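>>> coords below, sequence missing:
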């Protein structure tokens, strides 16, 4: 992993510019591309700032340990005013991920590289310098450009292990036992018994030898597959390196065509044509993508091309992202996210709340569109099962009553983090005597717990009241004032839960006081204009008062000394954060931001100084 840490040093400490030549070397099989623009960032943070940072020193110590051949960022020989890209490219059986960047001092670069050459993996081939760390990872460079190439074999032909049917860990290395007929032994003479046991031993020895030979054969087959896989992966890596260090990709029109923002400090592009997490779990470990695994995944609702940009401004840090949907999904999402949250939800918010998250969507439009979304997404990957996907869409439409569900769940939701405070909590312990008889005892302790509320829009008052009545009938709820309290017979929850239904809003909260306030008209105060606009003008919104939250956590007496130092450092540096989510012109936008303290020149230096503060705090624990 040393070569990866070196790349991390370059990746973390360097600032990368938009350079057309390196971008054109990424091919159209890329599913993820990331770049940081040095032409923008180097105006805000200098190499001297990085040289003097704790982050840079920490990474140097981690990578080089004792002998450090460089003392400054420039010592790596990398051109920080040029671009550095990370890309991930998909293929049928070998996926490639790589870092690439420009070299401005070949002598310094090779000095750093050779310092970590702990084995004879170096060679010169086809005018390129190559350092092979393993069969699937190579650092390749010429006089101007470096490429750290890492391959991931995802095929099945040369996979030496079949995790489902041929589990290596269940193959025993012990001698096999042969069953002994104990009933027959009872009637044997001494001579017959000895002869019988010798026969058993011979059978065991023969069986053990057969199993040993079978294991050796299987291991030999694995070694042959492994050798073929390594040779195949190596050839694929050389093919990719050859096209990278030539103009083939551009000449053949196969270069990456996604959009990266050269005016942002950093920019990424991700072609999310299938759920990323489902691909990881089903694709990586089974060797192929299982379409059924994500049939009901909510990730299907984020099916499109994602771009995201980072801006380290003078007064704030912003992340702006856009999801452009594939095919006809743009129209569907335009309808799903057409509604804003009911303005009455803002009355439940208080300016003293630590944070909140709101969300609004048209439930009926979502249910109407879901079968088509599933069908379009699946057919984009696998056209051989068109009939099955079409049947699923028809059955979904037949079974689901969109209008009634939309009445039960309107699509308006609001989560509020009211506060975090110390509370006395009841819990049960069990005392045992010498005969293992136990006595159940109720005890108390002080814990730091959140007070939170969750409110959801619903027009089904009759249905919800029936649920409340059944809860009381089966002793799961008890009536309190105008609401209900959950009966926690076994103290499974460290906090109380209260419920009520009022003005087409289902209320859940941990505070009896909050419940009374909500039922009697809300928080009782006018919400700040910026927070009100954030909630009511967007399909989704989030706000978190980080310094106050950390301050409330620090009131907890049982907080460890090291944890207290970390939280104190974070409270000194971090500011409140907010985000919004909205749909416009067939695309979904998410924008998040946090303020830069007035003591900092800009977001780049603020981020660097914050990381340094965390490192220094950790060192002094």
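Nice, thanks for sending it over. As the structure is a computational prediction, the values presented were derived from the model and not from experiment. Numbers count the residues shown, from 1 in each chain.
>>> which stretches of the stretch 101-250 of the chain aren't confidently modelled?
In the predicted model of the stretch 101-250 of the chain, residues 116-120, 161-183 satisfy pLDDT under 70.
>>> any idea which helix or strand comes after the least confident helix or strand in the chain by mean pLDDT?
In the chain, the helix or strand scored least confidently by mean pLDDT, DSSP states H and E is helix 285-286, which has a mean of 39. Downstream of helix 285-286, the first helix or strand assigned by DSSP states H and E is strand 304-312.
>>> what lines up beside that next one in the sheet?
According to DSSP bridges, strand 304-312 has the following sheet partners: strand 266-272 (antiparallel), strand 316-325 (antiparallel).
>>> Which one of those lies nearest to residue 345?
Among the strands paired with strand 304-312, the nearest to residue 345 by C-beta to C-beta is strand 316-325 (24.8 Å). For every residue, glycine as well, the C-beta is placed using N, CA and C.
>>> Identify each buried residue in that closest one, please.
For strand 316-325, a neighbour-count test (16 or more other C-beta atoms under 10 Å) marks 317, 318, 319, 320, 321, 322, 323, 325 as buried.
>>> How about stretch 253-267?
Within stretch 253-267, the residues that qualify as buried are 255, 256, 258, 260, 261, 262, 264, 265, 266, 267, counting by 16+ other C-beta under 10 Å.
>>> Any idea how far apart the tips of that stretch sit?
23 Å (C-alpha to C-alpha, to the nearest Å).
>>> And for stretch 485-498?
Start-to-end, stretch 485-498 (C-alpha to C-alpha) is 4 Å.
>>> ok so, going back, redo the buried residues of strand 316-325 as a markdown table? Include pLDDT and distance to residue 385.
Below are these laid out as a markdown table (pLDDT from 0 to 100; distance: C-beta to C-beta, whole Å):
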| residue | pLDDT | distance to residue 385 |
| --- | --- | --- |
| 317 | 98 | 45 |
| 318 | 98 | 42 |
| 319 | 97 | 37 |
| 320 | 97 | 37 |
| 321 | 94 | 32 |
| 322 | 93 | 31 |
| 323 | 89 | 26 |
| 325 | 82 | 22 |
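>>> Quick check: the farthest pair among these?
It's 317 and 325 that sit farthest apart of those, by C-beta to C-beta, at 27.4 Å.
>>> what about the longest helix in this structure?
Assignment by DSSP state H gives helix 190-244 as the longest helix of the chain.
>>> Residue 500 contacts residue 507, correct?
Yes: using C-beta atoms under 8 Å, residue 500 is in contact with residue 507, at 4.6 Å.
>>> okay, and the common contacts of these two?
483, 515, 518, 519 (C-beta atoms under 8 Å, 6 or more residues apart in numbering).
>>> buried set for the helix or strand where residue 440 lies?
Using DSSP H and E, residue 440 sits within strand 438-457. For strand 438-457, a neighbour-count test (16+ other C-beta under 10 Å) marks 448, 449, 450, 451, 452, 453, 455, 456, 457 as buried.
>>> now those as TSV including distance to residue 424?
Formatted as TSV, the buried residues of strand 438-457 follow (distance: C-beta to C-beta, whole Å):
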residue	distance to residue 424
448	12
449	10
450	15
451	14
452	18
453	21
455	27
456	30
457	34
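>>> just curious, which of these is nearest to residue 372?
Closest to residue 372 out of the buried residues of strand 438-457 is residue 457 (25.0 Å), distances taken as C-beta to C-beta.
>>> Find the residue closest to residue 75 in space, skipping its chain neighbours.
Among residues not flanking residue 75 along the chain, residue 108 sits closest, at 5.7 Å (C-beta to C-beta, 6 or more residues apart in numbering).
>>> wait, that neighbour sits on residue 73?
No: at 10.8 Å, residue 108 does not count as touching residue 73 under the criterion of C-beta under 8 Å.
>>> Same drill for the two, tell me which one is more crowded.
residue 73 (22 against 17; other C-beta atoms under 10 Å).
>>> Against residue 55, how distant is the closest residue in space to that one that isn't next to it in sequence?
Nearest residue to residue 73 in three dimensions, chain neighbours excluded: residue 47, at 4.6 Å (C-beta to C-beta, 6+ apart). Counting by C-beta to C-beta, to the nearest Å, the gap from residue 47 to residue 55 is 13 Å.
>>> Thanks a lot, see you next time.
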